[in-house]
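[1] sequence and predicted structure below; questions after.
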Amino acid sequence: MTDSIAVLGAGKIGEALLSGLLTGGRRVEELMFTERHPERAAELTARYGVAAVDVATAAKEAAVLIVAVKPQDIEPLLDELAPHATADTLVVSLCAGLPTSLYERSLDDGVPVVRVMPNTPMVVGEAMSAISPGRHATNDHLAVVEELLSVVGMVVRVPESQQDAVTALSGSGPAYFFYLVEAMIDAGILLGLPRAVSEKLIIQSAVGAATMLAKTGEHPVILREAVTSPAGTTIMAIRELEKHGVRAALLDAIEAARDRSQELGKAHDPS
Ligand SMILES: NC(=O)C1=CN([C@@H]2O[C@H](COP(=O)(O)OP(=O)(O)OC[C@H]3O[C@@H](n4cnc5c(N)ncnc54)[C@H](OP(=O)(O)O)[C@@H]3O)[C@@H](O)[C@H]2O)C=CC1
Ligand SMILES: O=C(O)[C@@H]1CCC=N1
């Protein structure tokens, strides 16, 4: 099993990872994190028992450093990390849009970097993480990251050139499903159901549909057709969704997310 892991920047995804790793069997002594606000650090230590450290300590004690700051905050973090990262440190970036070459330019030659796009369902062991090696990352480094992340969900390897698309699909993906669920709950309110009832109906329908997708292996079209009775209720709703261009809206939305991921990377491109 991988030695100690340090999360650099324990915000939403960093906390989700710490929490998922602990639930998945990691011991608190194997984990540490850095945070720039002492109140946030104290809150996390109180909640999980994990130690807050500085970057120098993280680099000295942890075999894997997981960078989880906002892309806009990467430069000061790299400045802090550069004097301490060596070829024995594995740097794992969770940051949307940031290429491994950005890290390689800022850190000593030979420091292995793996780019990862995870998602927040890691808190319940159901993350989807896609990983890509940088120039100095070997198969062994990828295996370390796979082992680490498989505790909190599924892991796939993709070429780094696909990471902006992955970010738009599965990185941001949970937000689209939450948005849909939120809108469907509102529809229940519109139809006069009590909020608690509407929430229960929609959340369990979402869980049921997701479980069918995962467990039956059937294509979503087949599963949807099985719900759609001739001249029934579902087809009336589908007609409205098509009329309002929901499919086209999703295509545009995900393309916009991909474009934003590319933009975040380019903001740090010196050329
Ligand atoms: N949220 C998500 O679902 C996903 C996020 N990501 C990626 O993960 C990264 C973090 O996102 P998210 O968790 O949402 O963002 P957050 O802002 O919630 O988390 C980042 C945390 O890092 C802290 N921080 C910033 N700079 C430093 C520093 N130099 N040293 C220590 N701590 C620092 C921030 O403090 P402060 O509050 O002051 O800013 C904040 O607490 C992003 O790059 C994002 O693209 C990837 C996949 C999914
Ligand atoms: O919204 C974002 O930029 C991050 C990256 C993927 C999910 N959340």
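    Received, thanks. Ligands and ions are numbered 1, 2, ... in the order given.
[2] show me the contacts for the nearest residue to Glu199 once chain neighbours are set aside.
    Using C-beta to C-beta, 6 or more residues apart in numbering and skipping residues adjacent in sequence, the residue nearest Glu199 is Ile185, 5.4 Å away. To be clear about C-beta, it is placed using only N, CA and C from the backbone, and glycine gets the same treatment. Residues in contact with Ile185, defined by C-beta atoms under 8 Å, 6 or more residues apart in numbering, are Arg195, Ser198, Glu199, Ile202.
[3] and Ile185, how close does it get to ligand 1?
    21 Å (C-beta to the nearest ligand atom, to the nearest Å).
[4] residue numbers of the stretch 1-150 of the chain in contact with ligand 1?
    Residues of the stretch 1-150 of the chain lying near ligand 1 by C-beta under 6 Å from any ligand atom: 8-9, 11-14, 34-37, 40, 68-71, 73, 76-77, 94-96, 117-120.
[5] show the buried residues in those residues.
    Buried by 16 or more other C-beta atoms under 10 Å: 8-9, 13-14, 34-35, 68-69, 71, 77, 94-96, 117-120, out of these.
[6] circling back: name the element the residue nearest to Glu199 belongs to?
    If you go by DSSP states H and E, Ile185 is part of helix 173-190.
[7] let me see the mean pLDDT of the following helix or strand past that helix.
    Next helix or strand after helix 173-190 toward the C-terminus (DSSP H and E): helix 195-216. What helix 195-216 shows for mean pLDDT is 98.
[8] tell me where the protein is predicted with low confidence.
    Where the chain drops to pLDDT under 70, the residues are 1-2, 271.
[9] mind giving me the domain ranges of it?
    5-159, 173-262 (automatic domain parsing).
[10] centre of the chain versus the helix holding Ile185, how much separation?
    Computed by C-alpha atoms, centre = their mean, to the nearest Å, the chain-centroid distance of helix 173-190 equals 20 Å.
[11] in the stretch 1-150 of the chain, which residue sits closest to ligand 1?
    Ligand 1 sits closest to Gly11 of the stretch 1-150 of the chain, with a gap of 1.7 Å, by C-beta to the nearest ligand atom.
[12] just to revisit the earlier point, how much space between the residue nearest to Glu199 and Arg195?
    Applying C-beta to C-beta, to the nearest Å, the value for Ile185 to Arg195 is 7 Å.
[13] counting neighbours, what do you get for Arg224?
    Neighbour count of Arg224, defined by other C-beta atoms under 10 Å: 13.
[14] next, count neighbours for the single nearest residue of the stretch 151-271 of the chain relative to ligand 2.
    Among the residues of the stretch 151-271 of the chain, Gly171 lies closest to ligand 2, at 3.3 Å counting by C-beta to the nearest ligand atom. Applying other C-beta under 10 Å, we find 26 residues neighbouring Gly171.
[15] now the strands for the stretch 51-200 of the chain?
    51-52, 64-67, 90-93, 113-117, 127-133, 153-157 (DSSP state E, counting those that start in this stretch).
[16] of all those strands, which lies closest to Ala257?
    Between Ala257 and these, the shortest separation by C-beta to C-beta is 11.5 Å, and it involves strand 113-117.
[17] ok, and what's touching the strand or helix carrying Ile222?
    Using DSSP H and E, Ile222 sits within helix 220-227. When contacts are defined by C-beta under 8 Å, 6+ apart, helix 220-227 is touched by residues Ala209, Met212, Leu213, Thr216, Thr234.
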